[in-house]
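here is my input; please provide its structure:
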Amino acid sequence: MLENSKIIAVTSGKGGTGKSTICSGLGYTLAKQGHRTLIIELDFGLRCLDIMFGVQDKIEHDLSDVLNGKMSALDACSKVEMASNLNLLCAPKTLTPVTAEQIFDICRSVKKYYDYIIIDTGAGINSHVFDIVEQANLILVVSTPDQVCIRDASLMSDEFYNRGNKSQRLIINKVNKKVIGNSLVKNLDEIIDKVGVQLIGVIPEDFKLTVATAKGDPIPTDSEALLAFDAISKRLDGDFVPLTIKGA
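Below is the predicted model:
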């Protein structure tokens, strides 16, 4: 466990759960709350956080420059203009070999500069992902109300537990109140029970969030998703904050 910084690995059993959106929302709100925050993106060849933060034309370096020994991790980070305390270490545009130890060497090298380091892992149930999150202080497992995502999240969480990773929390993303209560999902408790991980937050479907991340704009202050991200970020910091979605 690394001192001085809280290392959070955000992961999911399959693609399409909105894992990177979760990383961007949490990174943004943590930074807005005054925490020095770094997001390390590991979706090699499929990076998107630069677009979500509107800095795609300003990225001069990425993780490959660090892995190849061209520069330090701190020098390869890019500032996110919409949140002064937020930095981003983008994934390479091409597939690049990496080990879990390399990622945590990077975390060790920058830990004194950040309060939170968020690792946006690649999606999927494979040994690479498990090795990457092995040394994280906290694992955030992301699922949607979709039954396939719920099952995959459960399988992934079980493997984390088998490996001794007990510090896990569940984020349920893309929640539509009209879906909760029908024949697909009775309630949020059903999802929590099936995944087997304590809930830390629920992110509603929010068109304003979708537009903001697609355009690289700040999340609007009247966005329901922003309220949910803000609440989760405060829980990560140890505050008691009730869920922002009620009646689900």
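
buried stuff in the longest helix along the chain?
Counting by DSSP state H, the longest helix found in the chain is helix 147-162. For helix 147-162, a neighbour-count test (16 or more other CB atoms under 10 Å) marks 149-150, 152-154, 156-157, 160 as buried. In this view, the C-beta of every residue, glycine as well, is placed from N, C-alpha and C.

could I get these in JSON lines, plus columns for pLDDT and distance to residue 217?
Listed next are the buried residues of helix 147-162 as JSON lines, based on pLDDT from 0 to 100; distance: CB to CB, whole Å:
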{"residue": "149", "pLDDT": "91", "distance to residue 217": "27"}
{"residue": "150", "pLDDT": "92", "distance to residue 217": "31"}
{"residue": "152", "pLDDT": "92", "distance to residue 217": "31"}
{"residue": "153", "pLDDT": "92", "distance to residue 217": "30"}
{"residue": "154", "pLDDT": "94", "distance to residue 217": "35"}
{"residue": "156", "pLDDT": "90", "distance to residue 217": "32"}
{"residue": "157", "pLDDT": "92", "distance to residue 217": "33"}
{"residue": "160", "pLDDT": "90", "distance to residue 217": "34"}
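
for the residues you listed, which one is nearest residue 73?
Closest to residue 73 out of those is residue 160 (25.4 Å), distances taken as CB to CB.

who's in contact with the residue lying closest to residue 158 once chain neighbours are set aside?
Distance criterion CB to CB, 6 or more residues apart in numbering; nearest residue to residue 158, sequence neighbours excluded, is residue 196 at 7.1 Å. Residue 196 makes contact with 154, 157-158 under the criterion CB atoms under 8 Å, 6 or more residues apart in numbering.
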